[in-house]
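Asks: Return atomic coordinates for the entry below.
(2 chains)
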Amino acid sequence: MTTQILMPALSPTMTEGKLAKWLKNEGDTVESGDVIAEIETDKATMEVEAVDEGTMGKIMVAEGTEGVAVNTVIAVLLEEGEDASAITDAPASPAPVATAPEPAAAAPVSAAPVSAAPSPVAPITASPPEPDYDGPMVQMTVREALRDAMAEEMRKDDDVFLMGEEVAEYQGAYKISQGMLEEFGDRRVIDTPITEHGFAGLGVGAAFGGLKPIVEFMTFNFAMQAIDHIINSAAKTLYMSGGQMGANIVFRGANGAAARVGAQHSQCYASWYAHCPGLKVVVPWSAADAKGLLKAAIRDPNPIIFLENEILYGQSFDVPDDPDFVLPIGKAKVERVGTDVTIVAYSIMVGTALEAADALAAAGISAEVINLRTIRPIDTATIVDSVKKTNRIVSLEEGWPACNIGSEIAALMMEHAFDHLDAPVIRVCGEDVPMPYAANLEALALPKANHVIEAAKSVCYA
Amino acid sequence: MAKQAKSTKKSKSPSKAKPSTAANTGEQLLEYYRQMLLIRRFEEKAGQLYGMGLIGGFCHLYIGQEAVVVGMMAAAQEQDSLLTSYRDHGHMLAAGMDPKGVMAELTGRIGGYSKGKGGSMHMFSREKNFYGGHGIVGAQVPLGTGLAFAHKYKGDGGVNQVYFGDGAANQGQVYESFNMAALWSLPVVYVIENNHYAMGTSTTRGSAMTEFHKRGEAQGIPGLKVNGMDVVEVREAADMAVGHCRSGKGPYILDMETYRYRGHSMSDPAKYRSKDEVSKVRKESDPIDTLRERIVSAKFGDEAFLKDLDKEVKAIVIEAAEFAQTSPEPDVSELYTDVLIEA
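Replies: Okay, here's the model as predicted:
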């Protein structure tokens, strides 16, 4: 049987090329790996190697021919014992390739039928219910709640371990892991070198290997060194492996502005991570949020970004006194019921929103405050339900204005609550500058309750 | 992995095989030969399918480097794990993954290891402990170190083999990994596949110090330079390094001197090196030819036997290529699956 040699595609974008030179003539013996021709593509001159062996039976396209389409038969190879009479007239046009898809489709969208694609507006999925709890409460700080969440899960599951800078002997740079080394030992509470990229990757590898790491970043500012492993290794691998390999891993640490630590230590990364499929992004405010959500994050089989706030660490809240208390990821909480305007916030800004709501009440405006708790997946249903009632919404966050969480909320309201809005969405957020050090400038860079009050009054036309 | 090699050995064991050394009996030499030939024929076929437009995007072939992964994997046990860069087809075959599933992933079909969603550079097999297929240069090094961490944490006796190139050896995260692996005595073999070119940049133009086996000296990690074109030498080094790791002595670095015959990827015309350089390596130190000569001269197998082996390997590759063309593209619903695990 003869073997057809086809004009090869030699780059992701090549559709035709010039057959510059034949290096084998008719009658020559060809072995697998021999260079048989040179072909000029749009980018370079490439050598073509033989895959099959035999004798060069007939050259179908003369050297010097330009514009030879990919998959055109350029030569015919004879097997041992065959002569040129075995060659039937081969088609001069590109040979049909049975079930080949379009090579190197330019736009991914056109590569597949779009019949199953969603309408531009994704449907709102019902968020999980808030768990009922009417048992005893205990007061604790956010710091203690985080520690208890980790310790409780580590007692239950030997695969869970904590690693990060200063988490063991130092008891945590912010004293989150106080007492944990003593209880769990250095096999499970591990001080790392200052090597964020390395230990984030090591953590993801350990998760691939079946463990459930909690990776603490001293602050999320330093996680920028590690973001390649968070996105490319942790978030994408489940998809790239066709569902074989997920990473049950929590990346946690302080996020956003602390106090007087300047530009490189005061940034909110919420919208960075909220952008990426394959991650869940959790943003607790209270100690109950911190405990219930961190336990859920550790149990969740997916990579979780858990954004804490340094200033909240020392604040105390009531927390259900129950080791089985777990909050659902993806569920926002209405912290204060109101009728006139919805204020949506997360992390430390929930406190600012509640402060604003108190002042607004005194001015005769009833504000509903939503604590987002999770920003990926965001609880659209809870926000829309609130706006159906209030018809007005203000978003509040520390992050910069461009492409922030408020931008996403504004877009969601366009898509899901347009007919319910009586005023444009207003975003209250950090100023569009790196965080200044000077006390007066720093204060000006972050949102305050009075900004929220003004925004709420504005959407209420009050 | 080891299980796979064992079962294959049983079925392919030729009656002529005579034992020589413990690790490199005639039987084993023939098995190396079969595996190396399978990788080469597979890669040639992949190159051909790329030329036909059936494989898209980037496709990095392993031709020339076959002795490295075949010799290394011969020292692996069933609980061990491995991972590598985007030049990963050979590693998957050596790990015992099905050539059909690998080729179908290259063509982006549902029968591929990642259901067509990963492609040439991103493929995995939980079953064979193959953890990728990573497209970011050097990223597999901390990941492999983490797999070694998991082996140690679980006490399963496993060793991780993480493969990376001379180019990746200049990534900062490699040294972050070396440091932690040495600090915590993790069972990981760092296999540097030194093919002398980081894409188009030769080692001498990209590395201030090209003795890659010494790259762990700062952390006290032992290293060895190995002729990566000779599968027997690779196997001997692998036994030593894997044994070192398995006995709890911490990481080991192997600098495998090897060579890739093809360009960095399919679209690389490889103008940064001379044709003479390539043909000299092919002629004088091809790992498959070298082993073939050794097999014939030691009479572990004659020409007729080796020809039958060739045919057998070719048939496997043809079957894989056919499967890769007839397996359907993934259903459109697959666009939305495997983003998150439903908790």
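Asks: C-alpha only now, for contacts and for neighbours.
Replies: Fine.
Asks: In the chain, where is pLDDT below threshold?
Replies: Chain wasn't specified; assuming chain A. Counting by pLDDT under 70, the ranges of chain A that qualify are A:86, A:88-121.
Asks: meant chain B, my bad for not saying
Replies: Within chain B, the ranges that satisfy pLDDT under 70 run B:1-23, B:343.
Asks: where along it do the helices fall?
Replies: For chain B, the helices defined by DSSP state H occupy B:2-12, B:26-51, B:66-73, B:89-94, B:99-106, B:140-154, B:172-183, B:203-206, B:231-246, B:275-285, B:287-297, B:303-326.
Asks: Redo these as TSV? Include mean neighbour count.
Replies: Formatted as TSV, the entries for the helices of chain B read as follows, by neighbours: other Cα atoms under 10 Å in any protein chain shown:
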stretch	mean neighbour count
helix B:2-12	14
helix B:26-51	24
helix B:66-73	28
helix B:89-94	25
helix B:99-106	28
helix B:140-154	29
helix B:172-183	21
helix B:203-206	14
helix B:231-246	22
helix B:275-285	13
helix B:287-297	18
helix B:303-326	17
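Asks: Throw those helices into CSV and include distance to chain A, thanks.
Replies: Written out in CSV, the entries for the helices of chain B read as follows (distance: least, Cα to the nearest Cα, whole Å):
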stretch, distance to chain A
helix B:2-12, 18
helix B:26-51, 4
helix B:66-73, 15
helix B:89-94, 13
helix B:99-106, 10
helix B:140-154, 4
helix B:172-183, 5
helix B:203-206, 22
helix B:231-246, 17
helix B:275-285, 10
helix B:287-297, 13
helix B:303-326, 6
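Asks: what residues go with each domain of chain A?
Replies: According to automatic domain parsing, chain A comprises the domains A:3-94, A:137-320, A:333-459.
Asks: Of the helices of chain B, give the one that comes closest to residue B:266.
Replies: Closest to residue B:266 of these, according to Cα to Cα: helix B:26-51, at 7.3 Å.
Asks: Hmm, residue A:355 is touching residue A:449, no?
Replies: Yes. A contact is recorded between residue A:355 and residue A:449 when judged using Cα atoms under 8 Å, the distance being 6.3 Å.
Asks: who has more neighbours, those two?
Replies: residue A:449 (20 against 16; other Cα atoms under 10 Å in any protein chain shown).
Asks: Was I right to think that one contacts residue A:350?
Replies: No. Counting by Cα under 8 Å, residue A:449 sits too far from residue A:350 to count as a contact (10.3 Å).
Asks: Count the neighbours of residue 301 for me.
Replies: Looking at chain A here, since you left the chain open. Burial of residue A:301 is recorded as 19 neighbouring residues (other Cα under 10 Å).
Asks: that's the wrong chain, I wanted chain B
Replies: Neighbourhood size, residue B:301 [other Cα under 10 Å]: 23.
Asks: Now it. Nearest residue, chain neighbours left out?
Replies: Excluding the flanking residues, the one nearest residue B:301 by Cα to Cα, 6 or more residues apart in numbering or on different chains is residue B:295, at 6.0 Å.
Asks: Report the contact partners of the residue nearest the centre of chain A.
Replies: For chain A, the residue sitting closest to the mean C-alpha position, by Cα atoms, centre = their mean, is residue A:276 at 2.4 Å. Listed by Cα atoms under 8 Å, 6 or more residues apart in numbering or on different chains, the contact partners of residue A:276 are A:231, A:235.
Asks: ok, now which ones touch the closest residue to chain A within the stretch 151-300 of chain B?
Replies: Each residue of the stretch 151-300 of chain B has a distance to chain A, by Cα to the nearest Cα, and the smallest belongs to residue B:267, at 4.4 Å. With contacts taken as Cα under 8 Å, 6+ apart, residue B:267 has the following neighbours: A:10-12.
Asks: Same question for residue A:372.
Replies: Residue A:372 sits in contact with A:283, A:331-333, A:344-346, A:378-379, where contact means Cα under 8 Å, 6+ apart.
Asks: rerun at 6 Å
Replies: For residue A:372, the contacting residues are A:332, A:346, by Cα atoms under 6 Å, 6 or more residues apart in numbering or on different chains.
Asks: for the one 3 residues further on, same thing?
Replies: The neighbours of residue A:375, taking Cα under 6 Å, 6+ apart as the test, are residue A:281.
Asks: The contacts of residue B:267 also near chain B: which ones?
Replies: Of the entries in the contacts of residue B:267, the ones placed beside chain B under the rule of Cα under 6 Å from any Cα of the partner chain are A:10-12.
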